[in-house]
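**Q** Structure of the sequence below:
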Amino acid sequence: MNNPDQSAHSLDSTLMPPPAMPQRSTAAQQQHVYSSLEPSVQNIRTTLHRPLSANQKQFLEKTVQKNEQNQDETTEFIKQLGEYPPTIPDSVTMHFLKSSGVEGTDPRVTRMVALAAQKHISDIVLDCMQNARMKGLGMTKKGTKDTKYTLTEELLDEVLKEYGHHNTRPPYHT
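**A** Residues are numbered from 1 along each chain as shown. Predicted coordinates:
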């Protein structure tokens with residue numbers, strides 16, 4: 001008598017075809033694959049290996065020289081930051097950096113942030129002074145040519161709106 005396992009195995013082998021042998025691709029088939037690529041991809045591949053023209057070389061050299069000069073200027077600026085005491089003290093800058101979530105910064109970064117804040121504030125004040133001059137709000141003492149300007153909240157509000165800051169006053173402010 002036949003073993004049931006052997007009969008099931010023989011049935012499976014009769015129903016399933018034998019495994020196919022892997023076919024090797026010919027050179028003609030491979031060329032067909034590469035020729036079916038998009039023309040843009042072929043163009044890109046051919047242009048990658050072209051030598052640079054004289055204009056392209058000059059442009060590339062100028063760009064590299066500018067980058068080197070900018071890096072030299074930036075390095076010199078960063079070195080000078082250590083010697084320059086900003087108007088806004090480092091402790092104040094560090095306090096606001098920590099309150100905004102920045103921890104353990106380099107002292108040069110702190111100075112750079114302080115310098116950027118100082119520049120922003122001075123731009124706002126200079127714009128306020130220009131507006132006061134244009135409106136003729138200055139006061140001149142008798143016998144002198146010096147005109148003194150007073151920074152008012154109305155002038156400050158106008159300029160702050162231009163910079164995207166909204167100065168809100170409390171209701172009891174007069």
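
**Q** Show me the strands in this structure, by range?
**A** 139-140, 147-148 (DSSP state E).

**Q** what's the last one packed up against?
**A** The reference is to strand 147-148. strand 139-140 (3 or more Cβ pairs under 8 Å, 6 or more residues apart in numbering; DSSP states H and E). Quick note: C-beta positions are derived from backbone N, CA and C, even for glycine.

**Q** circling back: to Met112, which of the strands of the chain lies closest?
**A** strand 147-148 (33.5 Å; Cβ to Cβ).

**Q** Describe which strands that closest one pairs with in its sheet and in which direction.
**A** strand 139-140 (antiparallel) (DSSP bridges).

**Q** that older thread, reformat the strands of the chain as JSON lines; add mean pLDDT and distance to Leu156.
**A** Formatted as JSON lines, the strands of the chain follow (pLDDT from 0 to 100; distance: least, Cβ to Cβ, whole Å):
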{"stretch": "strand 139-140", "mean pLDDT": "87", "distance to Leu156": "18"}
{"stretch": "strand 147-148", "mean pLDDT": "89", "distance to Leu156": "17"}
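
**Q** Any chance of those in CSV with distance to Gly101 and mean neighbour count as columns?
**A** Formatted as CSV, the strands of the chain follow (distance: least, Cβ to Cβ, whole Å; neighbours: other Cβ atoms under 10 Å):
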stretch, distance to Gly101, mean neighbour count
strand 139-140, 45, 10
strand 147-148, 42, 11
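
**Q** out of those, which comes closest to Glu76?
**A** Once these are compared by Cβ to Cβ, strand 147-148 is nearest, at 38.3 Å.

**Q** quick revisit: could you export the strands of the chain as TSV, including distance to Lys79?
**A** As requested, the strands of the chain are arranged in TSV below (distance: least, Cβ to Cβ, whole Å):
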stretch	distance to Lys79
strand 139-140	44
strand 147-148	39
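
**Q** For Asn55, which of those is the nearest?
**A** So among the strands of the chain, strand 147-148 is nearest, using Cβ to Cβ, at 55.4 Å.

**Q** Show me what that closest one is in contact with.
**A** Gly138, Met139, Thr140, Lys141 (Cβ atoms under 8 Å, 6 or more residues apart in numbering).
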